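**Q** Turn this into a structure:
(chains A and B)
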Amino acid sequence: MTPIMFGSSSRRLFGIYEPGAGAAFQPAAAVICAPWGEEYLHAHRPLRLLARRLAEAGIHTLRFDYFGTGDSGGDIADASLRGAEGDILTAVEELRATADAQQVLLIGMRLGANLAMAAAARSPPDITGLVLWDPIVDTEGYFGERRRAVLHPKRIDTPESYDFGLTPGVVNEIASLGQPELMARSLVICTASDASKTIERYAANNAAVIEPLPGRPAWIEDWPYTIMPVDVIRRVVDWAQ
Amino acid sequence: MNMLYREQPVRLPGGKVGIITRPTIEPTEPRPLVLALNSGVVHRVGHGRMYVTLARRLAAKGHAVLRFDLSGIGDSEKRSDALSTLDGTLADIGEVIAWAENSLPRRPIILIGLCIGAQNALAQGATDPRVEGIVMLDPFVPRTPRFYVNLYLRKALRNVLKRSAWTSLPRQLLSVLRQRRRPQTQAAGAESSSGGGFQQATEDASVRNQIEHAFQAAIDRRLKMLMVLTGGMPLQHNYRGQLADAFPELRFGELLKLEYWGGVDHVFSHSVDRERLFNRIETWIDEPPPATAQTQEPSPTEYETETL
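**A** You can find the predicted model right below:
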């Protein structure tokens, strides 16, 4: 496991590279696209475990922070979804170069899944598969969830007051989120107890395999009920191999 | 790349991961190194990227800041020994301080922590001579009789205009009486949704004694302390003087700067609150260490405070 800085000098990105175990040459690799804002914080642990399990299965992985978020350069005011899509493609290039990988899978959780879809749509030849872990299919519902997830609400007024990542610019981008056509090899996982909206959104897409796997959200601080989403992790690793 | 600071990931002893933020131009006189400790299981970035922003601001003023993950948190590996959680944490902090002493020009250390991070900062700072000061954000403060008066009075005032509250008053009073008769640990655990374990812990006499001894050790070695209590832990503390009332024997004098920000939440979500916090920390770090021991004991309530 190696912490790295990559990208350009004006757009430095932080990432953690985990080499795939086993034979020296492994063609498969995965870039993990984190959720946004506070969800990123609480999803950090499960995504780290996912990366570890993928690496144990022989798949090189790169987890990284979008520009303006996490340990990457820039401030949150500099962050945008459009920019984050580009950061994903930069991460893909970095992983190809570092691991000499030919096949790169994108694995995204929540808004990270939507970003992964959009990045794949921008550069289809670079991406060989998509895993969408609870993609956002209802933007109003998403904002409501973020608001309700605040543990100690005080002076809740703007989205930014209950989730620091929801700057006005990002809120506008989320509100106009598109739903690009999914590529040939896509796994959509829904952990919500009611998966109907996700199924409705993606059922018409012949490329997608949709799998409801009901469980607690991996991106919310849910003390003392938080558990590792091992079923989802296992499924993703199986599918990626 | 920013011209005022530079950032670099570092591999720390024991498989720990950190990010060091340093000024682009180092001051001739090294300024204190700030170590940011994890808040619970939240990794080194902190809520709302708090520690990233603070690190960059401090680096722009000449400090080096190391944000790192304790063993088993964030990207750091678990410890391979059999130390208890607290002992392992203190060992982690000690190892990182030793790394810093070997890797950077020697300078005093400031620890900063939120919630359990604040407790860890106190535990380490109380006895580690390399630590010059600690910043504690919402540390655990034992409940006092006045805490309960405030708590139930506020609930009563909120309910006074509710018709349903009046009709259910007998039932509520009975519930309060039953709760007070139950052991404190049960009451604390039942009330809280988040942090209940921490609130429960400070009701335990041995934990209270530990905290008091740590504060006394900090006072004895003239540790500089900044404590910010927010209104975001309503089941833990709810007034400025709660620390003094909980530990009436402690004589902090000028060593402790204590602030009570009732309108602020536990993780300083609002940008206005966060800006205020950063400014306060920056000002406090620049303050000279407290003068030598006073000949006269100050009043236990003579803490430096600021009015909101």
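**Q** Now do the helices in chain A.
**A** A:38-56, A:81-99, A:111-122, A:139-148, A:159-162, A:168-175, A:196-202, A:230-240 (DSSP state H).
**Q** And those helices, which one averages the lowest pLDDT?
**A** Per-stretch mean pLDDT for the helices of chain A is lowest at helix A:159-162 (a mean of 73).
**Q** Contact partners for the residue nearest to B:Leu70 when sequence neighbours are not counted?
**A** Distances taken as C-beta to C-beta, 6 or more residues apart in numbering or on different chains place B:Asp92 nearest to B:Leu70, at 4.8 Å, with adjacent residues excluded. The C-beta positions use only the backbone N, C-alpha and C, and glycine is treated the same way. Counting by C-beta atoms under 8 Å, 6 or more residues apart in numbering or on different chains, B:Asp92 touches B:14, B:16, B:70-71, B:79.
**Q** hang on, B:Asp92 is in a helix, isn't it?
**A** Yes: using DSSP: H, G, I helix; E, B strand; the rest coil, the assignment for B:Asp92 is a helix.
**Q** do you know how far it is from chain A?
**A** From B:Asp92 across to chain A, the span is 17 Å (C-beta to the nearest C-beta, to the nearest Å).
**Q** Show the pLDDT at that residue.
**A** So B:Asp92 comes in at 97 (pLDDT).
**Q** same deal with B:Asn120?
**A** B:Asn120 is given a pLDDT of 96.
**Q** Was I right to think it contacts B:Asp87?
**A** No: using C-beta atoms under 8 Å, B:Asn120 is not in contact with B:Asp87; the gap is 11.4 Å.
**Q** Quick check on the two: which one has the bigger neighbour count.
**A** B:Asn120 (24 against 13; other C-beta atoms under 10 Å in any protein chain shown).
**Q** Quick one: list the elements packing against the host helix or strand of that one.
**A** Under the criterion of DSSP states H and E, B:Asn120 resides in helix B:116-125. On a contact count with 3 or more C-beta pairs under 8 Å, 6 or more residues apart in numbering or on different chains; DSSP states H and E, helix B:116-125 meets helix B:85-103, strand B:109-114, strand B:131-137, helix B:205-220.
**Q** out of those, which comes closest to A:Gly58?
**A** helix B:85-103 (31.4 Å; C-beta to C-beta).
**Q** is it possible to export the helices of chain A to CSV including distance to chain B and mean neighbour count?
**A** Formatted as CSV, the helices of chain A follow (distance: least, C-beta to the nearest C-beta, whole Å; neighbours: other C-beta atoms under 10 Å in any protein chain shown):
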stretch, distance to chain B, mean neighbour count
helix A:38-56, 5, 22
helix A:81-99, 14, 20
helix A:111-122, 16, 25
helix A:139-148, 12, 15
helix A:159-162, 6, 20
helix A:168-175, 12, 15
helix A:196-202, 28, 16
helix A:230-240, 17, 17
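**Q** Now distance to B:Pro105 too, for these, in TSV please.
**A** Formatted as TSV, the helices of chain A follow (distance: least, C-beta to C-beta, whole Å):
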stretch	distance to B:Pro105
helix A:38-56	32
helix A:81-99	33
helix A:111-122	40
helix A:139-148	43
helix A:159-162	39
helix A:168-175	40
helix A:196-202	55
helix A:230-240	43
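**Q** Ok, which of those comes nearest B:Tyr5?
**A** helix A:81-99 (21.1 Å).
**Q** Next, count neighbours for B:Lys224.
**A** Neighbours of B:Lys224 (other C-beta under 10 Å): 24.
**Q** Could you report the separation of it from A:Ala192?
**A** 49 Å (C-beta to C-beta, to the nearest Å).
**Q** Same check on B:His270?
**A** From B:His270 to A:Ala192 the distance is 30 Å (C-beta to C-beta).
**Q** more neighbours, those two?
**A** B:His270 (22 against 16).
**Q** quick one: the more buried one and A:Asp163 touch, right?
**A** No: using C-beta under 8 Å, B:His270 is not in contact with A:Asp163, being 12.0 Å away.
**Q** got the residues of chain B near chain A?
**A** B:1-2, B:7-11, B:17, B:19, B:41-45, B:47-49, B:52-53, B:74-75, B:193-197, B:231-234, B:263-267, B:269-271 (C-beta under 8 Å from any C-beta of the partner chain).
**Q** Looking at these, which are in strands?
**A** B:7-11, B:17, B:19 (DSSP state E).
**Q** Counting neighbours, what do you get for the nearest residue to B:Gln8 once chain neighbours are set aside?
**A** Counting by C-beta to C-beta, 6+ apart, B:Gln8 lies nearest to B:Ile20, which is 5.5 Å off, once chain neighbours are set aside. The criterion is other C-beta under 10 Å. On that basis, B:Ile20 has 21 neighbouring residues.
**Q** Can I get the helices and strands packed on helix B:116-125 in CSV including distance to A:Ala28?
**A** As requested, the helices and strands packed on helix B:116-125 are exported to CSV (distance: least, C-beta to C-beta, whole Å):
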stretch, distance to A:Ala28
helix B:85-103, 35
strand B:109-114, 40
strand B:131-137, 43
helix B:205-220, 49
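**Q** which residues of the stretch 201-308 of chain B score low on pLDDT?
**A** Within the stretch 201-308 of chain B, the segments meeting pLDDT under 70 span B:201-203, B:291-308.
**Q** quick revisit: quick one: which of the contacts of B:Asp92 is nearest chain A?
**A** B:Lys16 (10.7 Å; C-beta to the nearest C-beta).
**Q** Now do the same for that closest one: its pLDDT.
**A** So, for B:Lys16, pLDDT stands at 97.
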